[in-house]
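Colleague: predicted model follows, preceded by the sequence.
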Amino acid sequence: MKHIISVLVENEFGVLSRIASLFSGRGFNIESLTVAETDDSTVSSMTIVTQGADHIIEQITKQLNKLINVIKVVELTESVQMAREMVLLKFAVNSGAKRLELLHLVEVYQGRVLELGSRSLIVELTGERTKIDAALEVLAPFGIKEMSRTGMVALARDSVK
Amino acid sequence: MYGDENEVRMKKIIGAQILLEVLQEQGVEVIFGYPGGAVINFYDHLPDYSCRHFLVRHEQAAVHAADGYARATGKVGVALVTSGPGATNTVTGLATAYMDSIPIVVFTGQVPTPLIGNDAFQEADIVGISRPCTKHNFLVKRVEDLERIVNEAFHIAGSGRPGPVLVDLPKDVIAGKYFKKKAVQPSFKGYNPNYNGHAGQIQRAMQMLFKARRPLFYVGGGVVLADAAAQLTDLACRLNIPVTTTLMGLGAFPEDDYLSLGMLGMHGTYRANMAVTESDVLVAFGARFDDRVTGRLDKFAADAKIIHVDIDPTSISKNIDVDIPIVGDLLDVLQKMLEEVKASGEKAELCAAGHDEWLKKIAYWRELHKLSYEQDDIIKPQFVVEKISQLAQGHDPIISTEVGQNQMWAAQFFTFTKPRSWLTSGGLGTMGYGLPAAMGAQVAFPERLVIDIAGDGSIQMNSQELATVVQYNLPVKVIILNNGYLGMVRQWQELFFDKHYSSTQMNHAPDFVKLAEAYGALGLRARTPEEVEPILKQAFAHPGPVVVDVVVAAEENVYPMVPAGEAISNMLLV
């Protein structure tokens, strides 16, 4: 089962490597990992998507907590989190009809067109992972030339705490 | 602040001096080390300070010596080495200390900060290399941060679940000038180990324990590290509960007490492994359900409720599901448990009186299969350890070991009665640990009898330290159980690989008596059972370091033995 773990860490040299080597050294799986500074420049926030049985997830959160540079670890269960990821897609488009159809589908998925060239098109999509996956399936026949996906970022919702 | 008025009046000193002053403030009396280009500034100022420095012959030994010093004293051990190969040589020592939760701080030299990453001479990314085998590590990038980081390193090493911390010191940092400030307590955003055992959980645990019919204490190295052996012993004796210890827990409970079952696990005693298997409440104190202890997990204490006390939350429910977890310092939790016992009056008395049948059963197991061997005209290694145990009593002995059969026989046949008298590489199983660890302990306790029980294979992994013990006249006694084999691997080959003794014969060992003499130590040899006692007596009476080469039976095995992955009740007994 997928789990999202949100980790606040001290924004110090080598922290990402400590987290990554914890996962590799103990055989835990990382599906995606995102890192960015928070409003406090000495603190970074990481969102880690991982898989495993409950006792593995329990070990992961405990082992993360044990790292000296880790400030806080929260496992976000599906009911209490808002999770999003973003993907940038580049399409090669030659015919006008194809282009119109593609633009229409992008609109359905509430995507944005970032660049519209004579032969290509760059599109941004944001949403829950399932939505992104569904969009990719629908858009794949148009010929995705390049793709860059962020991995998930997530926050706990206050309203259901 | 740079512009602080007080600081302007203070004199700037170089990083090496700041380090030495902080070490002094931390109460460091002893450093094990080895100089080199990157740390030459440190060595330049070392003689101006009161710390005693011991020049080892290999950096790995510096770390093991600091580790042995830490295990014997309870203080944080310190080693200092140069960059590159000096630093990489510490890795085995760090991993050894990490697996056994030993508090040490290792300082490594580093190339100057502008050269880091340039493949400079004697550069190694030791912070990257040592990350998975340290509790934490630091690269000091500015001399301004040096004092704070060194204080943090000592705090992290010694607090919570202890462990090794590495501090990497670029040459321009220890040569750079700054002020030594006033010592401040380090503070961390995310590190604050919980020492307080939860009162409610402790009460629940005690109620469960009072009702148990077949309770057992399973005691690990955590009790030794927390200096809680006296409280553990008090609790076991008040409640009349038998105690088995892990390899790391030896000495936490006196083995001459009738409640002692000795060690459990792969080479544990018959009674200990049977008692685990049939217990109804098992209390793990500072132990981590290691595979060498549990064997097959689903058969380990399968009928027991399990209470687990540990300072490290990651140890709890890692390998085995626990009914009552208690996170906290062993000393704190044991004190609270003793208070519960005192407060509960009759309940505790009833509990203590209610284990007769259980203790009778254990006594039966004890008689059924004792640890044993047959001494004939060839010296048996077990006989040597028993003799050491007898002859060392009264000399407040500290025993270190190498790894393999020598280690297991020492664990089985030496009678441990005191914590912090047993130095062995339990988790990592590091051959070559024993001599440098003994050296570290002997530095801390010059008057005590420090003995390294060794094998002819292991001793060759750090025998260069004989030079160190001779140089500083550390009267360590190295007793080599010489069977001409890498005995434990040979035993596995005998039992599980049809006696295919591939690469386990050590048929080109040095003459250990001559080796000792070459270094300037006393070398002795025992060839017959009759010679063992007088030779050991002579060794123990000698005021300097001694190597005793004991020619023992070549193909003796360590029993009992639980084959890897089997239930621990499934023991090979002969």
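Modeller: Arrived safely. Numbering: from 1, shown residues only, chains lettered A, B, ... in the order given.

Colleague: which residues does whatever residue of chain A ends up closest to chain B contact?
Modeller: Across chain A, no residue is closer to chain B than A:I71, which sits at 3.9 Å (CB to the nearest CB). Every C-beta, even on glycine, is put in place using the N, C-alpha and C of the backbone. A:I71 makes contact with A:8-10, A:43, B:189-190, according to CB atoms under 8 Å, 6 or more residues apart in numbering or on different chains.

Colleague: just checking, what packs against the lengthiest strand in chain A?
Modeller: For chain A, the strand reaching the highest residue count under DSSP state E is reported as strand A:81-92. Packing contacts for strand A:81-92, counted by 3 or more CB pairs under 8 Å, 6 or more residues apart in numbering or on different chains; DSSP states H and E, involve strand A:120-127, helix A:129-139, strand A:144-149, strand A:153-156.

Colleague: would you mind naming what in chain B lies close to chain A?
Modeller: Contacts of chain B with chain A, taken as CB under 8 Å from any CB of the partner chain, map to B:127-128, B:131-132, B:135-136, B:139, B:141, B:156, B:188-191, B:312-314, B:317-318.

Colleague: from B:L46, how far off is B:P242?
Modeller: For B:P242, the distance to B:L46 (CB to CB, to the nearest Å) stands at 50 Å.

Colleague: pull the residues that contact the helix or strand following the longest strand of chain A.
Modeller: Counting by DSSP states H and E, the element after strand A:81-92 in chain order, helix or strand, is helix A:96-108. For helix A:96-108, the surrounding residues in contact (CB under 8 Å, 6+ apart) are A:91, A:93, A:112-113, A:121, A:123, A:125, A:135, A:138-139, A:142.

Colleague: tell me how many other residues surround B:Q464.
Modeller: Neighbours of B:Q464 under the rule other CB atoms under 10 Å in any protein chain shown: 17.

Colleague: test my guess that it contacts B:H58.
Modeller: Yes: contact criterion CB atoms under 8 Å: B:Q464 and B:H58 qualify, at 5.7 Å.

Colleague: buried set for stretch B:351-358?
Modeller: B:351, B:354-355, B:358 (16 or more other CB atoms under 10 Å in any protein chain shown).

Colleague: mind putting the residues you listed in a markdown table, pLDDT and distance to B:T277 included?
Modeller: Supplementary listing: those in a markdown table, determined by pLDDT from 0 to 100; distance: CB to CB, whole Å:
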| residue | pLDDT | distance to B:T277 |
| --- | --- | --- |
| B:C351 | 90 | 22 |
| B:G354 | 92 | 20 |
| B:H355 | 94 | 17 |
| B:W358 | 97 | 13 |
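
Colleague: just put these in TSV and tack on secondary structure and distance to B:K336.
Modeller: Formatted as TSV, these follow (DSSP: H, G, I helix; E, B strand; the rest coil; distance: CB to CB, whole Å):
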residue	secondary structure	distance to B:K336
B:C351	helix	17
B:G354	coil	22
B:H355	coil	22
B:W358	helix	25
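
Colleague: pick out whichever of those residues sits closest to B:Y364.
Modeller: Nearest to B:Y364 out of the buried residues of stretch B:351-358 is B:W358 (CB to CB; 10.7 Å).

Colleague: and the gap between that closest one and chain A?
Modeller: From B:W358 across to chain A, the span is 31 Å (CB to the nearest CB, to the nearest Å).

Colleague: surely that residue meets B:R213?
Modeller: Yes: at 6.4 Å, B:W358 and B:R213 qualify as touching, with contact defined as CB under 8 Å.

Colleague: what packs against the one helix or strand in chain A whose mean pLDDT sits lowest?
Modeller: Here the helix or strand of chain A ranked lowest by mean pLDDT, DSSP states H and E is strand A:153-156, holding a mean of 88. Counting contacts by 3+ CB pairs under 8 Å, 6+ apart, strand A:153-156 is packed against strand A:2-10, strand A:70-76, strand A:81-92.

Colleague: buried residues, that strand. List them.
Modeller: A:153-155.

Colleague: quick one: which of the residues you listed is nearest A:G52?
Modeller: A:A154 (17.2 Å).

Colleague: contact partners for that closest one?
Modeller: Contacts of A:A154 by CB under 8 Å, 6+ apart are A:4, A:6, A:47, A:76, A:81-84.

Colleague: got a list of what residue 129 touches?
Modeller: Using chain A. So A:R129 contacts A:83, A:85, A:152 (CB under 8 Å, 6+ apart).

Colleague: to clarify, I was referring to chain B.
Modeller: Applying CB under 8 Å, 6+ apart, the residues near B:I129 are B:87-88, B:91.

Colleague: in what helix or strand does it lie?
Modeller: Going by DSSP H and E, B:I129 is part of helix B:126-130.

Colleague: which SSE is immediately downstream of that helix?
Modeller: strand B:136-139.

Colleague: pLDDT weak spots in the chain?
Modeller: You didn't pick a chain, so chain A it is. Residue ranges of chain A with pLDDT under 70: A:159-161.

Colleague: actually, chain B is the one I wanted.
Modeller: Within chain B, the segments meeting pLDDT under 70 span B:1-9.

Colleague: ok so, going back, most surrounded residue in the contacts of A:I71?
Modeller: In the contacts of A:I71, the most neighbours by other CB under 10 Å go to A:V9, 24 neighbours.

Colleague: ok, now how distant is that residue from B:S50?
Modeller: Computed with CB to CB, the distance linking A:V9 and B:S50 is 39 Å.

Colleague: and if you look at B:A521?
Modeller: 29 Å.

Colleague: between those two, which has more neighbouring residues?
Modeller: It is B:A521, of B:A521 and B:S50, that has more neighbours when counted by other CB under 10 Å, with 24 against 9.

Colleague: quick check, that one in contact with B:G544.
Modeller: Yes: assessed by CB under 8 Å, B:A521 is found in contact with B:G544 at 6.6 Å.

Colleague: what is in contact with these two at once?
Modeller: Shared contacts of B:A521 and B:G544 (CB under 8 Å, 6+ apart): B:V470.

Colleague: ok, B:L359 - contacts?
Modeller: By CB under 8 Å, 6+ apart, the contact list for B:L359 reads B:240, B:242, B:259.

Colleague: name the element the residue nearest to B:H53 when sequence neighbours are not counted belongs to?
Modeller: Sequence neighbours aside, B:I31 is the residue nearest to B:H53 in space, at 4.9 Å (criterion: CB to CB, 6 or more residues apart in numbering or on different chains). Secondary structure assigned from DSSP H and E places B:I31 in strand B:30-33.

Colleague: ok, and what's touching that strand?
Modeller: The contact list for strand B:30-33 (CB under 8 Å, 6+ apart) reads B:23, B:46, B:51-56, B:61-63, B:65-66, B:69, B:77-81, B:440, B:443-444.

Colleague: SS state for the residue in the stretch 51-200 of chain B that chain A sits nearest to?
Modeller: Here the stretch 51-200 of chain B gets closest to chain A at one residue, B:G190, 3.9 Å apart by CB to the nearest CB. Per DSSP: H, G, I helix; E, B strand; the rest coil, the local secondary structure of B:G190 is coil.

Colleague: isn't it right up against A:N69?
Modeller: Yes: counting by CB under 8 Å, A:N69 is a contact partner of B:G190 at 6.3 Å.

Colleague: and for these two, which residues touch both?
Modeller: A:9-10.

Colleague: returning to what we had before: show me what the strand holding B:I31 pairs with in its sheet, parallel or antiparallel.
Modeller: strand B:52-55 (parallel), strand B:77-81 (parallel) (DSSP bridges).

Colleague: can I get those strands in TSV with distance to B:A553?
Modeller: TSV is the format used below for the strands paired with strand B:30-33 (distance: least, CB to CB, whole Å):
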stretch	distance to B:A553
strand B:52-55	36
strand B:77-81	36
